[in-house]
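S.K.: sequence-free structure coming up:
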């Protein structure tokens, strides 16, 4: 089964609705471009939340 990892970098986390919408869009693109059958693509969404309140560590 194909696996796609999507990295989302933003200041706030995705809502459940945004996450599901993203997965559906990715599956539609894979189906249209590569012919991947529905349900045969595993999509993992990884979030990199920018934390502006944490001070940076000294180098």
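M.R.: Received the coordinates, thanks. Remember, predicted model here, so these are calculated numbers, not experimental data.

S.K.: for residue 6, the count of nearby residues, please.
M.R.: 13 (other C-beta atoms under 10 Å). C-beta: built from backbone N, CA, C; applies to glycine.

S.K.: kindly apply the preceding question to residue 37 instead.
M.R.: Counted with other C-beta under 10 Å, the neighbours of residue 37 add up to 9.

S.K.: tell me the contacts of residue 48?
M.R.: Taking C-beta atoms under 8 Å, 6 or more residues apart in numbering as the contact definition, residue 48 lies against 7-10.

S.K.: SS state for it?
M.R.: Look at residue 48: counting by DSSP: H, G, I helix; E, B strand; the rest coil, its state is strand.

S.K.: report pLDDT for it.
M.R.: Residue 48 is assigned a predicted lDDT (pLDDT) of 90.

S.K.: quick check: bridge partners of it?
M.R.: Taking DSSP bridges as the rule, residue 48 bridges to residue 9.

S.K.: and it, how close does it get to residue 25?
M.R.: 19 Å (C-beta to C-beta, to the nearest Å).

S.K.: give me the number of residues near residue 8?
M.R.: The burial count assigned to residue 8 is 14, neighbours taken as other C-beta under 10 Å.

S.K.: tally of neighbours for residue 27?
M.R.: Per other C-beta under 10 Å, the neighbour tally for residue 27 reads 19.
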